[in-house]
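# prediction below, plus the sequence it came from.
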Amino acid sequence: MKIIFLLCIALATNLVWSQNDNQPILTINIIETTKDSMTLLDNEYLHIKTFTVENGNKITFGKELEAGYYKLGPQRQEIYIGEEFNLIASYNEKADNSFLFSGNGAKENEYLGLKNTQFEELNGMHNYMSDETDFLRKADSVNTEFNQLFNEYKSDFHKDFMVLETKDLEYEHINRLADYRDFHGFITDNREFKVSENFPRIFKDFDYDNVENLKVPHYLGLVERYFRNEVNNQVWEDEESKDYFLEFLLLIDQAVENEKIKEVIAIKEGIYSLKKTKQIDSLYVLVKKLAGNHRLFPKVTSKYEQIQHVLPGKVAPQFTYVDTAGTAVSLSDFKGKLVYIDIWNRGCTPCIKAMPTLNKLKDSFSDKNIVFLNISIDNTEDWLAAIAKYNVKGINLNAPKNNNPFFEAFDVFGYPRYILIDQEGKIIDPNAKHPSHPGLVEELQSHL
């Protein structure tokens, strides 16, 4: 009898462990939505899964998700999932497109939501307009506020999250400082701007080869920033022959020892930079060498094959969009003219900053055989208002946001994007020079 009793206890214990192993660590409750799908991304915005959604349904994830930070939903809200969590994320589209959290792990994610709101309020581009002294004061103040929020919540945090978030607050502050030179130079139209010798040397003791830090959200971005700066500081005899993207990844391969860090950086370059390089074959081979076994490498191969159709010399894919009068306009309407395309939207700061320079360029070529097309995917009302507000000259066209073969062919996902097409409808440059590039005028003249 005693043996049977012990066996029952053992079976019951095993059943509990089995049930715990099958417990979801993340449950997504869809309360109300008009969308038909939602996406989960990893810490580096790389795709994990897209799943269908409808009002009232639940989506669960188990131990297949590693502990760490993720981006979830239409706003790419940052969340954290721990190994022992049983986190419930309830989504209501009418509640600011955000999630409400309950269950084990709710406090960590409630904190991240508040942190994101605080980030948007405190980290605006206007801060980078300040002079160096004022900017550093503001950056320290922002960092203090983030740490105060962290300290208010940390007593409820799981240990692993507390360790990672402590590091991330440090790296987030470093990242903010690292942005200053480029952002200030861009906003003030001073491309030659440099920080003083008194500016913090943010990369002095930075460890760019620590694989444990890959779990920290802002770490890999700083690794990439460090090596991009190194490439930018290289001296080239012929700037036109310099391929920034290939040189960046070559430097990563040479300088970084950890294979996992190399792999993640390489797969990101394959997904996001393959279309920008002028050495597409060489970059693809290098990405394959460093990340050929990554789960997303097939996506890189797909992009590589897609780009072959929009290389210089290929006939440009066609489109038909509507102009401000509602008239259908096709790319083929401009055959016989050089075509410079600006793909923009009203929420894109670099797009808007470029408009005055682009307008001057249009005026200087007004008597030449060239047409300037401005293509936006903003809704009609916002698009028309932005044209008037920013005095967007040239031919303005409105494109559909979805089911847009022209955008898909050129893999347009960032703005602004410039494309140059010759008089026969063939592509000259799928990633044309921006309006303020010193070589653009000469290039346009050479094709007239």
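Nice, thanks for sending it over.
# per-residue confidence at the residue nearest to Val287 when sequence neighbours are not counted?
Leaving aside its chain neighbours, Val287 sits nearest to Gly270 (3.9 Å; criterion: CB to CB, 6 or more residues apart in numbering). Every C-beta, even on glycine, is put in place using the N, C-alpha and C of the backbone. Per-residue confidence (pLDDT) for Gly270: 96.
# please apply the same query to Ser18.
At Ser18, the predicted lDDT confidence score is 34.
# just Leu7 next, same as before
41.
# got it, and Glu83?
Glu83 is given a pLDDT of 88.
# on that earlier part again, looking at this, the residue nearest to Val287 is in a helix?
Yes - counting by DSSP: H, G, I helix; E, B strand; the rest coil, Gly270 is part of a helix.
# separation between it and Phe85?
32 Å (CB to CB, to the nearest Å).
# which stretches of the stretch 101-250 of the chain form helices?
With DSSP state H, counting those that start in this stretch, the ranges of helices along the stretch 101-250 of the chain come out as 106-122, 132-153, 159-187, 219-232, 244-255.
# comparing those by mean pLDDT, which bottoms out?
The stretch with the lowest average pLDDT out of the helices of the stretch 101-250 of the chain is helix 106-122, scoring a mean of 87.
# wait, what's in contact with the closest residue in space to Leu87 that isn't next to it in sequence?
Residue nearest to Leu87 in three dimensions, not counting chain neighbours: Gly105, with 3.9 Å by CB to CB, 6+ apart. For Gly105, the contact set (CB atoms under 8 Å, 6 or more residues apart in numbering) comprises 80-82, 85-87, 158.
# ok, Asn374 touching Ala399?
No - using CB atoms under 8 Å, Asn374 is not in contact with Ala399; the gap is 10.6 Å.
# in terms of neighbours, single out the busier of the two.
Asn374 (23 against 18; other CB atoms under 10 Å).
# got a list of contacts for whichever strand or helix holds the more buried one?
Secondary structure assignment for Asn374, by DSSP states H and E: strand 370-376. Residues outside strand 370-376 that contact it (CB under 8 Å, 6+ apart): 321, 334, 337-346, 358, 361-362, 365, 383, 386-387, 392-399, 444, 448.
# among the residues you listed, the buried ones, what's the ChimeraX command?
In ChimeraX syntax, the buried subset of these is picked out as below (16 or more other CB atoms under 10 Å):
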select :321,334,337,338,339,340,341,342,343,344,345,346,358,361,362,365,383,386,387,392,393,394,395,396,397,398,399,444
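# so which of the contacts of strand 370-376 are in strands?
Judged by DSSP state E, the contacts of strand 370-376 include 321, 338-344, 395-398 as members of strands.
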